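Novice: from the sequence below, what's the structure:
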Amino acid sequence: MQKIASISEPMRIAKAMARAGLCSRREAERWIADGRVNVNGKVLKTPAIEVGPRDRVLVDGQPLPVAEPSQLWRYNKAKGLVTTHNDPQGRPTVFDNLPPGLPRVISVGRLDFNTEGLILLTNDGELARHLELPATGWLRRYRVRAKGRVTQADLDKLKEGVEIEGVRYGPVEAVVDTTQGANMWLTVGIREGKNREVRKVLSNLGLDVNRLIRISFGPFQLLDLKPGEAEVVRRRVLADQLGPELAAEFGLTDKDDDAAGKRGGRKPHRPQKSKGKQET
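Specialist: The predicted model follows:
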């Protein structure tokens, strides 16, 4: 029987797939609906089942991978990439442009096509699910260049949240940094991360965002990572940020909990140089 090495007790199939680093729970449910998952010789019709160490699980005809120790990377996303594994429009994706040496990873949330900066990547779908939940309360901070003018008093009103076209956005922290010609540079912090939230909130104030760079996600910062580079977060650092209970749940409290980080070293993974013409 195909053994799911990371499962010591029964768990939902979508959670098992996420913990193996294949996808998020939500994606797992879509894969099941598409008939891509087989359990003990039968195509699965519903995600409402549990699997254990003795169940034989196949995804796209391949055994469920053995779950590796949970790991997190910081990655600097360039403008012009979508944060998805497969784009129906054929646009370049983050996962097509990762530096060599990374395992299969998924993103913690998304950045849209024209947004740059920090994305967290992980080999554990359950960890991604936890980190991207608004309940985690981590501030996502952005540097924003926008055409137009607002006052700090206008921005301070966003601290109470705002409703735009029937959608309620939570508190927004925003300050004016500099003014350059027709543009302003702002620093903006949000906690929910709704679709295109920063752009929509600032557009509601009459600002046209023309550059958006995420510089931090909770305690993790972009710092000096260059576009296309990724750097591992030491497991001990991740454990400290999650707290003892969650660190134990994700297996980050072993005596060798820094082994993966030590093997990967502190040097960032750099993308390979393309031989073709680069987009400008």
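
Novice: neighbouring contacts of stretch 222-230?
Specialist: For stretch 222-230, contacts defined as C-beta atoms under 8 Å, 6 or more residues apart in numbering pick out 73-78, 97-99, 102, 116-118, 121, 213-216, 231, 268-271. All C-beta atoms are positioned from the backbone trio N, CA, C, and that covers glycine.

Novice: and for stretch 16-32?
Specialist: 4, 6-7, 11, 13-15, 37, 44-47, 51, 57, 59, 64-68, 103-106, 122-126, 128-129.

Novice: one more time with 6 Å, if that's ok
Specialist: Contact partners of stretch 16-32, identified using C-beta atoms under 6 Å, 6 or more residues apart in numbering, comprise 4, 6, 14, 37, 44, 47, 51, 64-65, 67, 104, 123-126.

Novice: and the residues you listed, which two are furthest apart?
Specialist: Leu44 and Asn123 (23.0 Å; C-beta to C-beta).

Novice: more crowded one of the two?
Specialist: Asn123 (24 against 21; other C-beta atoms under 10 Å).

Novice: ok, now which ones touch the more buried one?
Specialist: 21, 68, 71, 103, 105.

Novice: redo the residues you listed as TSV? Include neighbour count, secondary structure and pLDDT.
Specialist: Shown next, in TSV, are the contacts of Asn123 (neighbours: other C-beta atoms under 10 Å; DSSP: H, G, I helix; E, B strand; the rest coil; pLDDT from 0 to 100):
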residue	neighbour count	secondary structure	pLDDT
Gly21	24	coil	76
Glu68	17	coil	78
Gln71	24	coil	92
Pro103	12	coil	87
Val105	23	coil	91
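
Novice: of the contacts of stretch 16-32, the lowest pLDDT goes to which?
Specialist: When those are compared on pLDDT, Ile4 comes out lowest, with 43.
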